[in-house]
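Colleague: Just need the structure, nothing else, for what follows:
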Amino acid sequence: MSDWKEAQDSTGRVYYYNSKGETSWNKPNDTPVELEPRLEECGWKVATTEDGNVYYYNRETGESRWEKPELEPAEEVPREEDERAPEEEKNEPSAAEEPGVRIELLLNSNQKYHNQSRVLNVTVEKDMQAAERLFLRMLKEHQVDSTWSFNRIISELSCQDPRYWCVDDDPLWKQTTFEKYLTTRTEDQLLKEHTAVSKFKDAFLAMLRERNDIHYYTRWPTVRRLIANEPIYKHSVMSEKVKRETFQEYVSQLAEEHKKNYTKTRTAALEELRQYLRSIITDRNNLLTWAELEKQYLFTNARFVANKHFETLEKVDILREYIEIVTKIISDYDSEIDALSRVNYTSDRIARDAFKELLSEHKASIRYNTSWNSIYQLIKNDPRFLNTLGRSGSSALDLFLDQVEEHRLTISAHRSVAQQILIDENFQWNDKEPLANREKILALIREKDQFKNIDPQDLDPIPEELIKTRQKKLEEDQLRLAQLEEQRKQYFTLLLLRVFRQRDTMPPWEDARERIKHYPEFQSMAAEESVMKEVYEQFCREGPALPLNTPGLPPSRKRPLASTVELDY
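Modeller: Okay, the predicted model is just below:
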């Protein structure tokens, strides 16, 4: 009993397979063996491609087809050759007995062993158009599609179909014709190929969905082992590439579904966690540190552990939600403080504006030299002053000092203008009696246009400020002259120390004068010879001379540069 079984591929084509793993498009039995001689009598030949497809071709006409040709019942005609073969064999001498026969057989050996294959005995078409039509028909009958390579055509069709050799020794023409065939295929052919692949994919995906051992993370090598005995995988004529692409599409769908389910579960878990934390941390009075929250309400808490959705969350997710809730509570608290601050700021600003009005009412009493004590007695019982106490921002004293500073700056500006007027008018100062200059200055600046519109109370302090400035300048000049005089004495002493090292034999002043009169230190004090003589006598009365560059000498200091421009204002 035959063990061949019938099955169908994804396109519905019937094929047969046995327990040894062999497949065939036709059911293997004794009929093909008996039928093949009949096909050969009519010029037909049965062949099978490497993919297991059975086709028929006629050696005489060059025609090939996938369907089995219809044959008329052959009449049994007695063959005379068969009837007389035994008699001839009896009457003919053997080749060993007749040397001439043996020689004739050797001479005619090419005919005896001549290969009658239609693939080797083909007629080369001289008409290239006819050859092209023949070659294209061959490609169509063999169901060549875009998955075929030209090398596959050479390896399969060159030894199976004689039409491949319709044009001999021109592989470039054959490749060009093959490419032309691919580009000129009809829409029906493309649709047929696409439909076949689609049917296979649908059946293959249905098989994958029925299995529970294939997940979104399963790899193709693993799946190949799992479905090795599935008929649609084992006996399908589809390429391995199509099978793998179909599997990848299925796995991508599983991964997408897993991602959607995970996202949905995670979203629900985060929302439940948010509500759970908000029930614990209700306001800023119930704020908990992360350590307290983790210890009392999280991973060891029965209510938290009972929620299975929380299993999809990580610790960082819980921490992030905790930070978000705490941040929002703090932000709301800060917003409340800001709102109160704005209200208080408005109230503080109103109080300060009212106090400024109070100060403007006492403007006549506020001058550049007015003290807080003098104005305090006037405003201490006023509600506008009392309302400024204890508020944020500038205090009442600050606002008062601001107005005093404004007056001071105004007086300073007027003083600068008056100082320039004195310089332009070449005003002569009476340094012996400084107060006598006040009336002269006041009379001079009143006549100027710059001071005609100034309040007399603001005009009176200007001469006093000018006199103070003048006295300060004179004091600075005297101090600078005294410093220069003392500096010249020090330089002259150093000169004596360099020139007269041994003080035991000091010459009189007249002789010493002749010796040092060419030094710059002496020439700078030439008009003060009495001072130099006094310094020299003091130098002579001092102890023994000290060696130069000893610690006893005063340190060398760079002389300060004198001002090149002396200002009188």
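Colleague: Now do stretch 517-537, average pLDDT.
Modeller: In this model, stretch 517-537 carries a mean pLDDT of 86.
Colleague: First-to-last residue distance for that stretch?
Modeller: End-to-end span of stretch 517-537 (Cα to Cα, to the nearest Å): 16 Å.
Colleague: Contacts for it, please.
Modeller: 485, 488-489, 491-496, 499, 509, 512-513, 516 (Cβ atoms under 8 Å, 6 or more residues apart in numbering). For every residue, glycine as well, the C-beta is placed using N, CA and C.
Colleague: Now restrict these to buried residues only.
Modeller: 488-489, 491-493, 495-496, 512, 516 (16 or more other Cβ atoms under 10 Å).
Colleague: would you list those residues in JSON lines and tack on secondary structure and distance to Trp165?
Modeller: Formatted as JSON lines, the buried ones among the contacts of stretch 517-537 follow (DSSP: H, G, I helix; E, B strand; the rest coil; distance: Cβ to Cβ, whole Å):
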{"residue": "Arg488", "secondary structure": "helix", "distance to Trp165": "128"}
{"residue": "Lys489", "secondary structure": "helix", "distance to Trp165": "131"}
{"residue": "Tyr491", "secondary structure": "helix", "distance to Trp165": "125"}
{"residue": "Phe492", "secondary structure": "helix", "distance to Trp165": "130"}
{"residue": "Thr493", "secondary structure": "helix", "distance to Trp165": "130"}
{"residue": "Leu495", "secondary structure": "helix", "distance to Trp165": "128"}
{"residue": "Leu496", "secondary structure": "helix", "distance to Trp165": "132"}
{"residue": "Ala512", "secondary structure": "helix", "distance to Trp165": "138"}
{"residue": "Ile516", "secondary structure": "helix", "distance to Trp165": "133"}
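Colleague: could you dump those to JSON lines with distance to Arg137?
Modeller: Compiled in JSON lines, these are given as follows (distance: Cβ to Cβ, whole Å):
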{"residue": "Arg488", "distance to Arg137": "129"}
{"residue": "Lys489", "distance to Arg137": "132"}
{"residue": "Tyr491", "distance to Arg137": "126"}
{"residue": "Phe492", "distance to Arg137": "132"}
{"residue": "Thr493", "distance to Arg137": "131"}
{"residue": "Leu495", "distance to Arg137": "130"}
{"residue": "Leu496", "distance to Arg137": "134"}
{"residue": "Ala512", "distance to Arg137": "140"}
{"residue": "Ile516", "distance to Arg137": "134"}
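Colleague: Determine which two of the residues you listed are furthest apart.
Modeller: Arg488 and Ala512 (17.2 Å; Cβ to Cβ).
Colleague: picking up where we left off before, go through the buried ones among the contacts of stretch 517-537 and say which is closest to Glu425.
Modeller: Taking the buried ones among the contacts of stretch 517-537 together and measuring to Glu425 by Cβ to Cβ, the closest member is Arg488, at 36.5 Å.
Colleague: residue contacts, the closest one?
Modeller: 521, 524-525.
Colleague: how about a cut-off of 6 Å?
Modeller: By Cβ atoms under 6 Å, 6 or more residues apart in numbering, the contact list for Arg488 reads 524-525.
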